[in-house]
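> curious how this folds, go ahead:
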Amino acid sequence: FTRAFVMLLAAAAISVPSQAQQSWDPTGNGLLSGNYNFRETIWLADGVGIGNLSRLVTLTGVINFNGKGAYTISASVADTAASGTSNQNYSGTYTISASGYGFLAAPYITNGTIFGTVANGVFIGSATETGINELFVAAQASSATNANFSGTYTMSYFNFSTGAFSSSASSTAQITSNGTGTINNVAVRSYIGTSGSAINTTETGVKNSFTGGVGTMSFPTSGNPALKGNMDLLLSPDGNLIFGGTHAGFDFYVGVKNAADSPAFKGLYYQAGLDQANSSATSTTVSFGEMDTFYGSFQANPASASIPDGAVVQHQRYFDALSLTGAATTYTATNFYPGNVNSYTDSQTHTEYAFSPNAQYRIGFGQGPYLGLSVAMQVPTFSGSGVYLNPTGVLNGASYAPFTTDIAPGELLVLFGTGLAPGLTTAPSGAAFPQILGNVKVLFNNIPAALYYVSPTQIAVIVPYGITSSIAQIQVVNNNVTSNAVTAFVSATAPGIFSQNNQGVGNGSVLHNADGSLVTATNPAVPGEYIQVYLTGLGSVFPSIADGSPGGTQQLNTVPDGSVVAAFNDGLVNTPIHGTILFAGLAPGYPGLYQASVQVPGGLASGPAFLDIATGDGYTSQVLISLASGASDVPAARSQRTSASPPTHRKPLRGPR
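Residues are numbered from 1 along each chain as shown. Coordinates of the predicted model:
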């Protein structure tokens, strides 16, 4: 294990009172203040597993935030459980952290919560914890007129007005407005239900108008199978993002003003959206639909020597209303993009993306039968004085999954900020990690944590096993000076696999069990052999162990049997193939490091495959593993894929099992 430890942990250094129930950081409440135009659409499943929806709700109107955690709403409500539409008023509360990440009490469905993020006068989010699928977008109200809606826009649209997956519709359209209310011809590409075939149409005579800062787009009803009738037209303050849907319908669209050049796509983004996909054994035949709404964030990393293409490391917290597990899942994944572009298609996820000027916004459109839409916006830059912990600077120490990802007991985290320590100090090798290092300590709900290294801008720390609250308040104490508090949600697990380039992408840090050598393209894993996967975030172990102590060598510290699943996805099958796990727990003899001993399954093509780890409440699909085919295990027709490009993958539709 020496090589693994040096490679996984040492390289990273280069690049208590009892706890009370914690509250979410409210210091960002002022980021939501004043009147916002909003649209909220809710899709409720029938609950019998046949892929239909039993109730649909849309709210559109004005929400007023008082900047202190309370809101009022005046909205038009369409609900299939009632007849027609009605004007209704609501009130509720919200809590936003310094990062812009937080939640609103759902205004219409009781006991619901809308999780999301705010930046530059726009809030995007979804409901993920209460058994419903929901998408919510709001933008600061303005006195917009036709002149503010001018130029060419790309639009992504999703329609569930019938309540049946078999007749759902998704479209992408190019809209050019002359700024005086005339749009005229609109090229539309649509997918209907479970079909993967595109339907191309052109809408003529399209117009728009504005009243009181709220617009309407009017589409003729002939010819187009998806875009029809009058649609609300809501604008972001800068006019680069549009969103809405039919006023009394149960659809949703987002759009961006097209970038004139190829903007630099990089940095941290908030995101929200929805996906519909099939659940059948092939990618072309759909037995019934599944749908999830999600929120989260992602980091876009431009191409480098270690990453030939740009890479997106993303987090989604999602809920499928038809989920067999009945619970939301934290999902992290890697996707790749071709560099600075104003639009591109991700062949891994069957999603088309378009950018606004300066890549401030990105929207996504799912190609059939993987219907869906998404919207993302850049995260502002945060800074502070003294001992300052960046509110977006809490990352999984193995996968570098971004800050909206839940944290878990025993997980290795990397914290970013300024003034965090006097200098670089690393824990002594061969011993338990200390709770004070370089006169620095880190507190989780006032519990001191074990430290691997500290530096002025970065700290590696292990989440205490004693965390019992669903929210953790994280603070750094440098020479008795305490930083600002950053809050994070806590889950039982938050899996992340170390990568060979220490960036959470590319080949995973995986060893051949037989000789301890690294699995690479020239030294691939073969069917039937055992490999050692190094990771973090598998949660509590048995027997329990003190924070920062090395894993036992005589008595292993394991996670519960069956709580971890390893899956291999070569992109040629719809469902990843599971590998047998011999052991999962703390790496014997090393603190802060988990290990899974996995047998490589047969039935996979040679070349790169995604190596996924699933737990009861988390799923990571970020790193690759190089595989060699066994002639007796892999059909000849499927053993020919030798391309070094990543395989196709999408998130697990029904959660880890």
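> for stretch 94-112, give the mean pLDDT please.
Averaging pLDDT along stretch 94-112 gives 90.
> what is the end-to-end distance of that stretch?
Distance across stretch 94-112, first residue to last, is 12 Å (CA to CA, to the nearest Å).
> so for that stretch, what gets flagged as buried?
Neighbour counts using 16 or more other CB atoms under 10 Å place 94-109, 112 of stretch 94-112 among the buried residues. All C-beta atoms are positioned from the backbone trio N, CA, C, and that covers glycine.
> how far out from the middle of the chain is it?
18 Å (CA atoms, centre = their mean, to the nearest Å).
> repeat that for stretch 220-232.
31 Å.
> what's the answer for stretch 295-310, then?
14 Å.
> dump it to PDB, keeping only the CA atoms.
The C-alpha trace of stretch 295-310 is given here as PDB (Å, rounded to 0.1, in the frame of the first residue of the first chain):
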ATOM      1  CA  TYR A 295     -29.900  21.000  -8.600                       C
ATOM      2  CA  GLY A 296     -26.200  21.200  -8.000                       C
ATOM      3  CA  SER A 297     -23.000  22.700  -9.300                       C
ATOM      4  CA  PHE A 298     -20.000  21.900 -11.600                       C
ATOM      5  CA  GLN A 299     -16.500  22.900 -12.300                       C
ATOM      6  CA  ALA A 300     -15.400  23.400 -15.900                       C
ATOM      7  CA  ASN A 301     -11.700  22.700 -16.400                       C
ATOM      8  CA  PRO A 302     -10.200  23.700 -19.800                       C
ATOM      9  CA  ALA A 303      -8.000  21.200 -21.600                       C
ATOM     10  CA  SER A 304      -4.500  20.700 -20.200                       C
ATOM     11  CA  ALA A 305      -1.600  18.300 -20.600                       C
ATOM     12  CA  SER A 306      -3.300  15.800 -18.400                       C
ATOM     13  CA  ILE A 307      -6.800  16.400 -19.800                       C
ATOM     14  CA  PRO A 308      -6.800  16.500 -23.600                       C
ATOM     15  CA  ASP A 309     -10.400  17.700 -23.700                       C
ATOM     16  CA  GLY A 310     -12.000  20.100 -21.300                       C
END
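> so for it, what gets flagged as buried?
Neighbour-count burial for stretch 295-310 [16+ other CB under 10 Å]: Y295, G296, S297, F298, Q299, A300, N301, I307, D309, G310.
> which one of the residues you listed is nearest to L443?
For those, the closest approach to L443 (CB to CB) belongs to S297, at 24.2 Å.
> I figured the closest one was touching V313, is that so?
No. Applying CB atoms under 8 Å as the test, S297 and V313 come out as separate, 9.6 Å apart.
> find residues that contact each of those two.
Contact criterion CB atoms under 8 Å, 6 or more residues apart in numbering; residues shared by S297 and V313: P402.
> is it true that Y590 lies in a strand?
No. Checked against DSSP: H, G, I helix; E, B strand; the rest coil, Y590 lies outside a strand; its state is coil.
> returning to what we had before: which of the buried residues of stretch 295-310 has the weakest pLDDT?
Ranked by pLDDT, the buried residues of stretch 295-310 bottom out at I307 (74).
> is that one in a helix, a strand, or coil?
Going by three-state DSSP: I307 is coil.
> state the number of residues packed around S91.
11 (other CB atoms under 10 Å).
> where's the nearest residue to it once chain neighbours are set aside, which helix or strand?
Leaving aside its chain neighbours, S91 sits nearest to T72 (4.8 Å; criterion: CB to CB, 6 or more residues apart in numbering). Take DSSP states H and E as the rule and T72 turns out to sit in strand 70-79.
> what average pLDDT does that strand get?
96.
> which elements pack onto that strand?
Counting contacts by 3 or more CB pairs under 8 Å, 6 or more residues apart in numbering; DSSP states H and E, strand 70-79 packs against strand 53-66, strand 85-96.
> between these, which gets nearest to P591?
Across those, closest to P591 is strand 85-96 (CB to CB), at 35.0 Å.
> could you check the angle strand 53-66 makes with that closest one?
Relative orientation of strand 85-96 versus strand 53-66 (axes from the mean of the first three to the mean of the last three CA atoms, to 10 degrees): 60 degrees.
> what strands line up against strand 85-96, and which way round?
Here strand 85-96 has these sheet partners by DSSP bridges: strand 70-79 (antiparallel), strand 101-105 (antiparallel).
> helices or strands next to the next helix or strand along the chain from the last one in the packing?
Scanning forward in sequence from strand 101-105, with DSSP H and E defining helices and strands, the next element found is strand 113-119. For strand 113-119, the contact count by 3+ CB pairs under 8 Å, 6+ apart identifies strand 101-105, strand 122-127, strand 133-140, strand 267-278, strand 289-301 as packing neighbours.
> can you tell me what sits against stretch 68-81?
26, 29-30, 32, 38, 55-65, 84-95, 104, 107-108, 163, 247-250.
> F382 falls within a helix, correct?
No. Using three-state DSSP, the secondary structure at F382 is coil, not a helix.
> what about A147, how many neighbours?
Neighbour count of A147, defined by other CB under 10 Å: 12.
> was I right about it contacting G179?
Yes. Assessed by CB under 8 Å, A147 is found in contact with G179 at 5.1 Å.
> if I look at those two, which residues touch both of them?
With CB under 8 Å, 6+ apart, A147 and G179 have no common neighbours.
> dump the residue contacts of G592.
L9, L412, F433, A450, Y452, A460, I462, T536, G548.
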